[in-house]
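Participant: only the shape, not the letters, is given here:
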C-alpha cells in the first residue's frame, strides 16, 4: 500500500513507524526539514519537505499512486485542506485529524460533502476510552469489539480469586463458557494461554465476555462491581471537555479542576451541571478542599505526563478508580513499573484506529478487519474480522485447520451471540471472529493459517 | 467535607462552655443561690462530655473554608442549645424556646430579652446572661484557637468565619498569638472598665455585669430600668466604654505597639467617631427643642443623646431613657445607626462602618467609570488599595443582609403585630442591638412573639453575629455533599 502521512508530530511519527513495519510504502511530508531527515533515518520511509496544502508538494510526494493519505498536522484546517485537495486529484482514501469540537460535530458533513474517508479526533477517542473504562471500574482496560456488546476486559487477578490455582479449562467450566481468557501478562511475558494454563495472583488477565455477563463474573472472582457515580478530572483540556460531556450524559457527576480562569469560564458555560474549580491541580490543598478522598473516580489529564503520573499515584490510595493520561509511550516499561491502574494514551488509540482502517482497506473482499487493538506496545493484537465470503479458513472445522502458533480464535459472534469455539466449530459467512495473536500485520482471515496449509488449500 | 474535625471542634466548644459555666457557680457560692448546683451539674457534664468527645484528635486536621464556616455555624448553635439548659432546669425560664432565645441573645451580644421582670432572676442566672455577652463578644472559636495545638494555616479559616468585618486583619504572624493578642486587649479593657465603675461607686455585681454587657456590646442589664437609675457619672462611663468597645481592635493593637500615627489614620475609626458626634448633636438639639420641659439642662440632654447614640451604634442596647417616645427625627437617626453598626473587628454588630465606607466608595468609583469610561481608579481604604474580591464580598453581604431583613419581616408579620414593631424587632435582632421601637422598645421585651417568630429571631441574631455565611451555609445542600 502507498501511504502518505502529512505532518510528523507525535502521532505522525508513531504511524510512520507502525505502518512501515507492516510492509507499506510510506511517504512523509512535513515543513520542517530536520524532522523529515530524522524520520527518514529512523524508519524505512521516504521524506518530502514542503507544505501539505500545496499541490506541488503533494504531487512530488507521489499523490497519484497514493492509496491512503493521512493528514495529522497540528492544525485542523491544514489537515482538512490537504485532504480536500488530495481528493480532487486522486482517488485515494483520506484521513484527517480534526480536534476542534466545532468540526468534530460536523464530521458527517465533512465525510459526505468533502469526501473524507475518516476524521479522527484523538481527544474524543481518548475520552470515549476513559468512559468505557469508568463504566467497568474493575477493569484496567475495556475494548469494544465491533458493533456488538462484546468487550475485551483486562484486569489484575486479585488475591484468592477463584481463577487462580486451577487449569483454565476447569475454570471456564465454572462460568459455563460465558467468558474466555485470551491473554495473560505475567511480568514481562505475554502469554496466549491454552486449557492447561494455570493463572496466578497478580497476573494481568485479558478476557472476552458479553457486557451482561461481566458483572456476575467480577462478583464471582471477588471484585465487587460498584458503578462509578462521580468523577474528578484534573486539567481542563480537550479530553476533559469530551469526557465531561460523555459522563454527564451517563449521569455521572463531574468535578473539573483547571488552572486557567478563562478556560474554567468556557467549561462552566458549556457544562452548567459540572463543578468547575479554578486551581492548580498539583496543589494538594486544592484537591483536599474538593474532597478527592470521597470521589469514586479520578482522571489525571493535564498536559504534562509527569504531573499526571504523580497525581494518579497520590489519588490511587484514596480513590477507587484512577485513570492516567499519558502522551509519551517511549518509556512504557518505566510507566508499567509505576503500577498505575489504568493508563490511557491518545496517541496509541489513534494509531490503532488508523491501522485498523489501513488494514481493512488493504485486505481482500472475503473478510474485513472490523476492529483492532494493540496491547503492550503492539506486542499483542486483538482483531475482529467480519467474514464476508468464502476463503480457505471458512467452512472447515478448527480441528482440521492448520493454525499458526500463537494464534487464538477467541470467539465467534454469530447472530449476536458469543460462541467460544471448540474443535468441531467452523467459521461461516456473516460471522464476526475474534482473533488474539502475538503476530502483527494480520489483515485477512487467511493470515491465521500457517503458510503450508494456506498454500495447499489454494 | 472533613466531618470529624468539625465534630472535634464542637467537642472543644462544649468543653470550653463547661469551664465557663463554672463562673456562675462562683457567683452562686457568694450569694448562696441554690441555682448554682444546676450550673455545676451542667458544667461537669459538658466538661466530661467534651473531654470524651475530643479525646482523640482526628488524623486529618485540615480546616478549609467550608469546614471553618460549618464548624463556626454549628458550634454557635450547639453552645446556645446547651447554654439554655440551665435556665430551663432552674425553672427561671420554663419554656425551652424562650431559654434559647435568651442565651442566643446573650452569646450573639444582642441583649433582646423575653423576660418581663429581670430583677426576679437569681444572681447566678443574671451573671450567666451577662457573662455570655462577654464570651460571645470576642468569639468562642477565637478563644479556642488560643488553646488548640497550632497546626498549619488552616485555623485562619475558623477565625475568618467567626470574626465580624470585611477582612480579618492579622497583627502577628501566628493565628494563635493573634487570638491571644485580641483577648489580651479585650481582657485589659474589660478590667479597666470594671475598676472605673467600682471607683464611681457602683456595687461590684452590677459593675461586673454592666461591663460584660458593654464589652461584648450586648446590653443585658441587671435592673428592669436598664441603666436609667445609675448616676450621671456612671452613665458617662458606660457611654465611653460602649463606644470604646465598638472601635476596631486593630486600632488598640496599633496604639499598644506604638504605631499611634497609623492608628489615627484609620478611616473607619474616624468615620465612626464622626457619625457618633454628629448624630448625638443632632438628636440633642432635636429633643431639646421638642421637649423643652424635660430636657432643660444641656448636660442631661447631651448625656441622654450620647448614651443612646452610643448604645445603638455599638449595638449594645442599654438605655437610660425610653427613646421610643422621642420625636420621629431622632428615632429615624437611631434607626439608621442600628443598621450602620460598629466598626469591623470590634465586638459590635450591624453592617459595620467599613462596609458602609466601602459601599459609598464603590458607588463613587462606578460614577467615575461612567464619566471616564476608560478611567482606571482603585478603591482605597486607609490609604491601601482594596482587593476587588473584598468589594464583591461586601456587595454580597449587603444584598443578602437586606434579603434576610425583608424575609424575616415577612415571616414575623404572620403574628399580626404592627409594622414598626416588626421592622424594629428584626433590625434589633439582626444587628444584635436588643431593644427596638414600638412593641419591642426600650422598656418592653420580646415575650409576646409566637414560638415560630422567636425561632426566626433567634436565627436573625445568629446570622447577624456570624455575618450571614456560617449560618446560611448550613442550609446549602452542597455543603454536605463531598462528591457533587
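Facilitator: Looks like it came in fine. Because the structure is a prediction, the values reported are computed rather than measured.

Participant: tell me the domain ranges of chain A?
Facilitator: Split into domains by automatic domain parsing, chain A comes to A:2-120, A:138-220, A:230-344, A:349-457.

Participant: what about the helices in the stretch 101-250 of chain A?
Facilitator: A:101-105, A:107-113, A:122-135, A:168-174, A:211-220, A:238-249 (DSSP state H, counting those that start in this stretch).

Participant: then the stretch 351-458 of chain A?
Facilitator: According to DSSP H, counting those that start in this stretch, the helices that the stretch 351-458 of chain A contains are A:451-457.

Participant: could you list the low-pLDDT ranges of it?
Facilitator: Along the stretch 351-458 of chain A, the parts satisfying pLDDT under 70 run over A:363-367, A:451-458.

Participant: spatially central residue in chain A, please.
Facilitator: residue A:349 (3.9 Å; Cα atoms, centre = their mean).

Participant: wait, that one sits on residue A:122?
Facilitator: Yes: here residue A:349 reaches residue A:122: they are 6.9 Å apart, a contact under Cβ atoms under 8 Å. Heads up, the C-betas are built off the backbone N, CA and C, glycines and all.

Participant: circling back to that earlier point, closest to residue A:93 out of the helices of the stretch 101-250 of chain A?
Facilitator: With Cβ to Cβ as the criterion, residue A:93 lies closest to helix A:107-113 of these, at 11.6 Å.

Participant: tell me which residue in the stretch 301-450 of chain A sits closest to chain B.
Facilitator: Of all residues in the stretch 301-450 of chain A, the one sitting closest to chain B is residue A:319 (10.4 Å; Cβ to the nearest Cβ).

Participant: so which bits of chain A are right by chain B?
Facilitator: For chain A, the residues in contact with chain B (Cβ under 8 Å from any Cβ of the partner chain) are A:229-230, A:253, A:255, A:275, A:285, A:288-289, A:291, A:294-296.

Participant: please identify which pair of those residues lies farthest apart.
Facilitator: Greatest spacing in the residues of chain A next to chain B, by Cβ to Cβ: A:229 and A:285 (24.7 Å).

Participant: so which helix or strand of chain A has the lowest pLDDT on average?
Facilitator: Lowest by mean pLDDT, DSSP states H and E among the helices and strands of chain A is helix A:451-457, with a mean of 50.

Participant: okay, the residue lying closest to residue A:329 once chain neighbours are set aside: pLDDT?
Facilitator: With Cβ to Cβ, 6 or more residues apart in numbering or on different chains as the criterion, residue A:329 has its nearest non-adjacent residue at 5.6 Å, and that residue is residue A:345. Listed pLDDT for residue A:345 reads 87.

Participant: pull the number of nearby residues for residue A:345.
Facilitator: Per other Cβ atoms under 10 Å in any protein chain shown, the neighbour tally for residue A:345 reads 23.

Participant: same question, the one 5 residues further on
Facilitator: By other Cβ under 10 Å, 24 other residues sit near residue A:350.

Participant: what about it, which SS state?
Facilitator: helix (DSSP: H, G, I helix; E, B strand; the rest coil).

Participant: distance of the residue nearest to it when sequence neighbours are not counted from chain B?
Facilitator: Closest residue to residue A:350 apart from its sequence neighbours, by Cβ to Cβ, 6+ apart: residue A:122 at 4.9 Å. Plainly put, residue A:122 is 29 Å away from chain B if you go by Cβ to the nearest Cβ, to the nearest Å.

Participant: residue contacts, the closest residue to chain A within chain B?
Facilitator: Closest to chain A within chain B is residue B:482: 3.6 Å, counting by Cβ to the nearest Cβ. Counting by Cβ atoms under 8 Å, 6 or more residues apart in numbering or on different chains, residue B:482 touches A:291, A:294-295, B:1.

Participant: go again with 7 Å.
Facilitator: Shown in contact with residue B:482 (Cβ atoms under 7 Å, 6 or more residues apart in numbering or on different chains): A:291, A:294, B:1.

Participant: you'd agree it is in a helix?
Facilitator: No: per three-state DSSP, residue B:482 lies outside any helix segment and is coil.

Participant: mind checking the SS state of residue A:26?
Facilitator: Look at residue A:26: counting by three-state DSSP, its state is strand.

Participant: so where do the helices sit in the stretch 351-484 of chain B?
Facilitator: B:353-371, B:388-412, B:419-430, B:451-466, B:469-472.

Participant: that older thread, out of the contacts of residue B:482, who's the most crowded?
Facilitator: With neighbours taken as other Cβ under 10 Å, the top of the contacts of residue B:482 is residue A:291, carrying 19 neighbours.

Participant: go through stretch B:170-180 and flag the buried ones.
Facilitator: Buried residues in stretch B:170-180, defined by neighbour count with 16 or more other Cβ atoms under 10 Å in any protein chain shown: B:175-180.

Participant: and it, how far apart are its ends?
Facilitator: End-to-end distance for stretch B:170-180, by Cα to Cα, to the nearest Å: 12 Å.

Participant: then stretch A:140-158?
Facilitator: End to end - Cα to Cα - stretch A:140-158 spans 12 Å.

Participant: for the stretch 1-150 of chain B, just list every one of the helices.
Facilitator: For the stretch 1-150 of chain B, the helices defined by DSSP H, counting those that start in this stretch occupy B:3-20, B:22-31, B:35-53, B:65-83, B:85-89, B:96-107, B:123-138, B:140-147.

Participant: what residues does the last one touch?
Facilitator: Outside helix B:140-147, the residues that touch it by Cβ under 7 Å, 6+ apart are B:12-13, B:16, B:72, B:75, B:79, B:155, B:158-159, B:162-163, B:175-176, B:179-180, B:182-183.

Participant: would you mark the buried spots in it?
Facilitator: For helix B:140-147, a neighbour-count test (16+ other Cβ under 10 Å) marks B:140-146 as buried.

Participant: could you do the second one as well?
Facilitator: When burial is assessed from 16+ other Cβ under 10 Å, helix B:22-31 yields the following buried residues: B:23-25, B:27-28.

Participant: tell me the confidence at residue B:94?
Facilitator: Looking at residue B:94, its pLDDT reads 91.

Participant: neighbours of residue A:91, how many?
Facilitator: Residue A:91 has 9 nearby residues by other Cβ under 10 Å.

Participant: helix, strand or coil for it?
Facilitator: Using three-state DSSP, the three-state assignment for residue A:91 comes out as coil.

Participant: and residue B:170, what does it touch?
Facilitator: Residues near residue B:170 by Cβ under 7 Å, 6+ apart: residue B:178.

Participant: contact partners for the closest residue to residue B:439 other than its chain neighbours?
Facilitator: Nearest residue to residue B:439 in three dimensions, chain neighbours excluded: residue B:421, at 3.5 Å (Cβ to Cβ, 6+ apart). With contacts defined as Cβ under 7 Å, 6+ apart, residue B:421 is in contact with B:438-440.

Participant: reformat the residues you listed into TSV and put pLDDT and neighbour count next to each item.
Facilitator: Formatted as TSV, these follow (pLDDT from 0 to 100; neighbours: other Cβ atoms under 10 Å in any protein chain shown):
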residue	pLDDT	neighbour count
B:438	85	16
B:439	85	18
B:440	87	28
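
Participant: I'd say residue A:244 and residue A:268 touch.
Facilitator: No: Residue A:244 is beyond contact range of residue A:268, at 10.5 Å (criterion: Cβ atoms under 7 Å).

Participant: and these two? Which one has more around it.
Facilitator: Comparing residue A:244 with residue A:268 by neighbour count (other Cβ under 10 Å), the higher total belongs to residue A:244, at 25 against 18.

Participant: which of the residues in stretch B:112-127 are buried?
Facilitator: Per 16+ other Cβ under 10 Å, stretch B:112-127 contains these buried residues: B:112-115, B:118, B:121-127.
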